[in-house]
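*Asks:* Quick check, what structure comes out for this input:
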Amino acid sequence: MLLVLFLIVVVPRWSDQNQAPEAPPGMIPVGHSDEVVGLAPDDQTPNEEANVPEPVALSPEDQSASGVEPFVVDESILARVRDGEAVDPGPLEEEAKYYLLHRWRAGASEPAAGEAPRADEIAAQSRSIRGKRYLMVLTLIENPQPRNLPENRSGLKKIWEVFGSDSDGHLHRVDFIRKPKYLPSGSDVVMEGDFLRLYRYQTIAGQEAMVPHWVAQTLEPYQSPFVKKGNRWFPLSIIGALAVATLILLLVIQDRRPRRPLTRRRKS
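*Replies:* Residues are numbered from 1 along each chain as shown. Sure thing, here's the model as predicted:
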């Protein structure tokens with residue numbers, strides 16, 4: 001019984017601690033439309049060749065906020081931004097991106113972020129919400145990719161870029177400054193970001209798609225409040241307790257079993 005108890009309680013716990021977590025497979029965006037398009041569940045195609053890279057940390061000097069110039073509000077920079085008609089972002093769009101990156105890095109005060117509009121609503125009012133800050137939960141469909149930057153007004157040398165899908169299956173692009181240590185494809189994250197523009201890009205299949213483009217400080221791992229956090233060892237603890245109780249019960253029964261009386265032999 002002690003051997004059985006060891007196999008039930010100790011061995012599974014040891015194997016769980018030594019088993020590395022498997023990262024979800026990478027995903028690729030698919031779509032073809034002049035409107036904002038997303039990644040419908042039926043269109044999701046696993047990229048079997050995608051591998052989760054080792055966790056990468058940005059160098060402290062690239063992200064240090066010390067010596068950052070104060071942020072100066074200039075709404076004209078955002079007013080000149082083009083949306084999907086700019087297939088390749090030009091100087092106006094890049095200037096606006098650096099403007100928003102600098103706003104995040106300098107820690108300029110902004111109104112509290114509210115829930116982001118739906119993707120079709122963003123497309124209908126892109127000009128009026130440009131530069132506004134919103135909250136959204138996204139599921140990453142790829143691993144965040146580091147991007148080196150030329151000399152710019154934000155002072156940043158490197159940012160991260162990633163695509164994620166919202167609860168409706170629509171894609172969003174996010175450029176952000178700081179990446180948590182482990183944020184692979186398939187992660188659910190909370191994005192607090194500033195809307196930049198409608199970004200037009202070409203998919204791997206050669207089709208064109210247009211998605212909202214955001215600029216953010218970081219992405220935080222998201223835990224749904226509807227998912228109960230249970231104790232992973234609770235079932236094993238119950239099994240172990242039952243095994244111990246069974247062992248004690250067997251020993252008690254064995255001890256109380258009636259003994260055969262000893263018979264004396266008669267002397268002849």
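
*Asks:* Would you confirm that residue 178 contacts residue 220?
*Replies:* No - proximity of residue 178 to residue 220 does not meet the contact threshold set by CB atoms under 8 Å, at 10.3 Å. From N, CA and C alone the C-beta is placed, and that goes for glycine too.

*Asks:* low pLDDT regions in the stretch 151-268 of the chain?
*Replies:* 224-235, 255-268 (pLDDT under 70).

*Asks:* neighbours of the residue nearest to residue 104 when sequence neighbours are not counted, just the number please.
*Replies:* In space, and not counting its chain neighbours, residue 104 is closest to residue 217: 4.6 Å by CB to CB, 6 or more residues apart in numbering. Counted by other CB atoms under 10 Å, the residues lying close to residue 217 total 17.

*Asks:* I'd assumed residue 217 was in a strand, is it?
*Replies:* Yes - Residue 217: assigned to a strand according to DSSP: H, G, I helix; E, B strand; the rest coil.

*Asks:* For it, list the residues it contacts.
*Replies:* Residue 217 sits next to 104, 176-178, 192 when contact means CB atoms under 8 Å, 6 or more residues apart in numbering.

*Asks:* and residue 106, how many neighbours does it have?
*Replies:* 15.

*Asks:* likewise the one 10 residues further on?
*Replies:* For residue 116, the tally of surrounding residues (other CB under 10 Å) stands at 24.

*Asks:* how about the helices of this protein, start to end?
*Replies:* 2-17, 60-63, 75-79, 91-106, 119-124, 126-129, 234-256 (DSSP state H).

*Asks:* coming back round to it: redo the contacts of residue 217 as a markdown table? Include neighbour count.
*Replies:* Output for these, formatted as a markdown table (neighbours: other CB atoms under 10 Å):
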| residue | neighbour count |
| --- | --- |
| 104 | 24 |
| 176 | 22 |
| 177 | 20 |
| 178 | 16 |
| 192 | 20 |
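
*Asks:* May I see those organised as TSV, with distance to residue 90 added?
*Replies:* Shown next, in TSV, are those (distance: CB to CB, whole Å):
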residue	distance to residue 90
104	22
176	22
177	23
178	27
192	27
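
*Asks:* Which of these fall in strands?
*Replies:* Residues of these located in strands (DSSP state E): 176-178, 192.

*Asks:* Nearest to residue 98, out of these: which one, please.
*Replies:* residue 177 (11.7 Å; CB to CB).

*Asks:* which one of the ones in strands among the contacts of residue 217 is nearest residue 236?
*Replies:* Using CB to CB, the ones in strands among the contacts of residue 217 come closest to residue 236 at residue 178, 37.9 Å.

*Asks:* can you pull up the bridge partners for that closest one?
*Replies:* On the basis of DSSP bridges, residue 178 is bridged to residue 218.

*Asks:* Residue 188 too?
*Replies:* Residues in beta-bridge contact with residue 188 (DSSP bridges): residue 139.

*Asks:* and if you look at the one 5 residues further on?
*Replies:* With DSSP bridges applied, the residues forming beta bridges to residue 193 are residue 134, residue 216.

*Asks:* I'd say it and residue 134 touch.
*Replies:* Yes - at 6.7 Å, residue 193 counts as touching residue 134 under the criterion of CB under 8 Å.

*Asks:* what's in contact with stretch 123-132?
*Replies:* 35-36, 75, 78-79, 81, 83, 96, 100, 117, 122, 194-198, 210, 212.

*Asks:* if you set the cut-off to 7 Å instead, what comes out?
*Replies:* Around stretch 123-132, the neighbours that count as contacts under CB atoms under 7 Å, 6 or more residues apart in numbering are 35-36, 78, 81, 83, 100, 122, 194-195, 197-198.
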